[in-house]
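Q: fold the following for me, if possible:
(chains A and B)
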There are 2 protein chains.
Amino acid sequence: MNDKRIGKRTIALAHPPSVISFANIGGKFEGQGPLADYFDELSEDSFFGEKTWEKAESAMQKKVLQRALDQARLKPQDLDYIFAGDLLNQCIGSSFGLRDFNIPFYGLYGACSTMGESLSLAALAIDGGYADRAAAVTSSHFCTAERQYRMPVPYGSQRTPTAQWTATASGCTILAADGPGPYITHVTCGKIVDKGITDANNMGAAMAPAAYDTLSAFFRDTKTKPGDYDLVITGDLGELGHAIVRDFFSRDGIQLGENFQDCGLLLYDRQNQDMHAGASGCGCSASVLNGYLLTELRRGKWKRIVFAPTGALLSPTSSFQGESIPGICHAVCISAERKCTPQENN
Amino acid sequence: MNDKRIGKRTIALAHPPSVISFANIGGKFEGQGPLADYFDELSEDSFFGEKTWEKAESAMQKKVLQRALDQARLKPQDLDYIFAGDLLNQCIGSSFGLRDFNIPFYGLYGACSTMGESLSLAALAIDGGYADRAAAVTSSHFCTAERQYRMPVPYGSQRTPTAQWTATASGCTILAADGPGPYITHVTCGKIVDKGITDANNMGAAMAPAAYDTLSAFFRDTKTKPGDYDLVITGDLGELGHAIVRDFFSRDGIQLGENFQDCGLLLYDRQNQDMHAGASGCGCSASVLNGYLLTELRRGKWKRIVFAPTGALLSPTSSFQGESIPGICHAVCISAERKCTPQENN
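A: Numbering: from 1, shown residues only, chains lettered A, B, ... in the order given. Modelled structure (predicted):
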């Protein structure tokens, strides 16, 4: 056993797994946004051919995994594991969407951090010698999330300015021990951070402290600074949460600069689509990663990015019982080149 | 990277992690059952001092992790990871119960297989060199589960004979790279198996095919047979599900014999406690493992057991929409001795 930890919380993978395939799928509004060209599939039908929105969300996960398999010319039995989860009660998006593939399955719950969590565990499973190939999958659907967390969509409830718009989208990454890249070089596991925010319409503020906590640990452990990366990107903090993280770092004397972005601020056209504080949902960071980010990493736009989606670990029940909103953030460093510990590159 | 897989689905851990501490907690009915003496804490108060049952469930997870830490004379910062989850929507039992410990956290959703899933991933994390120590935690609570999955408890609904009784219990295992044992020697990841059962009051039947699938894979991969183990124990199949698994194996010409047990059939006094088909819930297998099973493994009653809890991956919403019930089973082999791949021992 070799210790692969650096610092207190970060794993430097000894043999960084490669992204060998990725796919994403989105709905109508995602298709009207600036990243539309980076989607493999866009549907005008929010039911994706199914009779209920929950089944539609499962259909998205099924389609996105199949597409990622097809692109890599793989069959389901070529995957050793799927790591997947979603926002629905009992994670039924994943269990019903992925049940027909007959692939060993580790179910996760990380709320909107799930793409980071699933990618982390898939990378560790491969680096550790437990798998040749593993998939990381997640999804969200505006209509399932609204009726589960807030109000049934037909009520047409007024939304507050801090509210975000749950993306109707899904993403899948397939990792393998070897491949053309990009590579998962580092993984930093999140802690549950709860600073007492209780406004369920202001998730960005609730999750910002978790993003700050994990990103700080990542930079500290790797002895790097934000400027060492071409992009440091959170999942769905939205306008307010994103500004809070920037503010936290600036109090430490660290300027996050223009390379600090948020998938939730990129998915929609913020001038012409009325999405309030930005996109949210597991499918937001999953579809941005498995479209725009991985495509542009392969094209050479960036060499090294930090992908750090956050999740709010609340439920309607916990809010009804007066609880605050705990957040979590799972970070992975993704690099176009294989053997680049951040320190070696500087 | 060394390949640690044997067969198609089983990992033989190169350096089997040791159980260094374990703890469990139960409620009133668990205290009236035959395993009462194996509980670290039993409470007559189903609220565990809290104002709601959901907060009570979180309190159980908090207490059980603290107790396991205390018994090993560890502080929270001595743990590198917690792997945890529960049955509640958005897994709030874990996120609120464990948020104050400030330990890196991977949230899981495996329904009643969670003790098997969390133990599997904790063992892989340690064996892979990513952690020195990790905890696996889960819980269930009769009152939170009833009102979420079935009917609010005060309605006093009549239960069908195949129904099981959700245990009010929690369990925690702490694993470390080295220690006195017992040791996690093998891990077999479950697949989602759905044979079309739709009766949400007959979870045992829905989960039995998953138990058969994973246990078959485990025996095939390790080239062993049920008789090679002192105990092969499922999580909460209950009377009917347990009989179905026995029947499936006998069709393959394999007799599971008397060493095939189910935590759900052991937790309560089946003559004098009216629990219908047996106990269920994440807390059932978690509390039986972290009491009776690990205690007696240490005392020498058994040398080697297979612990294989099953989960039903449904939600009330999926049932309302006419879906069947997918099941999953995660198995781990736990041995009093360290370097015993089953083959070597025979």
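Q: give the contact list for the residue in the stretch 101-250 of chain A that chain B sits nearest to.
A: Per Cβ to the nearest Cβ, A:Gly128 is where the stretch 101-250 of chain A lies closest to chain B, at 3.1 Å. (C-beta placed from N, C-alpha, C; glycine too.) By Cβ atoms under 8 Å, 6 or more residues apart in numbering or on different chains, the contact set of A:Gly128 is B:Met1, B:Lys4, B:Leu124, B:Asp127, B:Gly128, B:Gly129, B:Tyr130.
Q: pLDDT wise, what is the second one at?
A: So the one you mean is B:Lys4. At B:Lys4, the pLDDT value in this model is 84.
Q: count the neighbours of it for me.
A: By other Cβ atoms under 10 Å in any protein chain shown, the residues close to B:Lys4 number 20.
Q: what does the stretch 201-346 of chain A put close to chain B?
A: Neighbours of chain B within the stretch 201-346 of chain A, by Cβ under 8 Å from any Cβ of the partner chain: A:Leu313, A:Leu314, A:Ser315, A:Pro316, A:Thr317, A:Ser318, A:Gln321, A:Glu323, A:Pro326, A:Ile328.
Q: from those, which land in helices?
A: A:Pro316, A:Thr317, A:Ser318 (DSSP state H).
Q: want to throw those residues into CSV with neighbour count?
A: Below are these laid out as CSV (neighbours: other Cβ atoms under 10 Å in any protein chain shown):
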residue, neighbour count
A:Pro316, 15
A:Thr317, 18
A:Ser318, 24
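Q: between those, which is nearest chain B?
A: Closest approach between those and chain B, by Cβ to the nearest Cβ: A:Ser318, at 4.9 Å.
Q: now the residues of the stretch 201-346 of chain A next to chain B as CSV including pLDDT?
A: Shown next, in CSV, are these (pLDDT from 0 to 100):
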residue, pLDDT
A:Leu313, 97
A:Leu314, 95
A:Ser315, 95
A:Pro316, 94
A:Thr317, 95
A:Ser318, 95
A:Gln321, 96
A:Glu323, 96
A:Pro326, 97
A:Ile328, 98
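Q: can you list the low-confidence ranges for chain A?
A: For chain A, the stretches with pLDDT under 70 are A:1-3, A:339-346.
Q: one more time with 80
A: A:1-3, A:151-152, A:154-157, A:339-346 (pLDDT under 80).
Q: most neighbours among the residues of the stretch 201-346 of chain A next to chain B, please name it.
A: Using other Cβ under 10 Å as the neighbour test, these are led by A:Ile328, with 32 neighbours.
Q: just give me the closest of the ones in helices among the residues of the stretch 201-346 of chain A next to chain B to A:Ile244.
A: Using Cβ to Cβ, A:Ser318 is the member of these that sits closest to A:Ile244, with 21.6 Å.
Q: where does the nearest residue to the closest one once chain neighbours are set aside land in three-state SS?
A: Distances taken as Cβ to Cβ, 6 or more residues apart in numbering or on different chains put B:Ile92 closest to A:Ser318, at 4.9 Å, once the chain neighbours are dropped. For B:Ile92, the assignment made with DSSP: H, G, I helix; E, B strand; the rest coil gives helix.
Q: for B:Ile92, which residues are in contact?
A: Here B:Ile92 is in contact with A:Leu313, A:Leu314, A:Ser315, A:Thr317, A:Ser318, A:Glu323, B:Glu54, B:Ser58, B:Asp86 (Cβ under 8 Å, 6+ apart).
Q: was I right about A:Ser120 contacting A:Val332?
A: Yes. In this structure, A:Ser120 is within contact of A:Val332 by Cβ atoms under 8 Å, at 5.7 Å.
Q: common neighbours of those two, please.
A: The contact lists of A:Ser120 and A:Val332 share A:Val187, where a contact means Cβ under 8 Å, 6+ apart.
Q: next up, the contacts around the nearest residue to A:Lys8 once chain neighbours are set aside.
A: Leaving aside its sequence neighbours, A:Lys8 sits nearest to A:Asp221 (Cβ to Cβ, 6+ apart; 6.3 Å). Residues in contact with A:Asp221 (Cβ under 8 Å, 6+ apart) are A:Ile6, A:Gly7, A:Lys8, A:Arg9, A:Thr10, A:Thr188.
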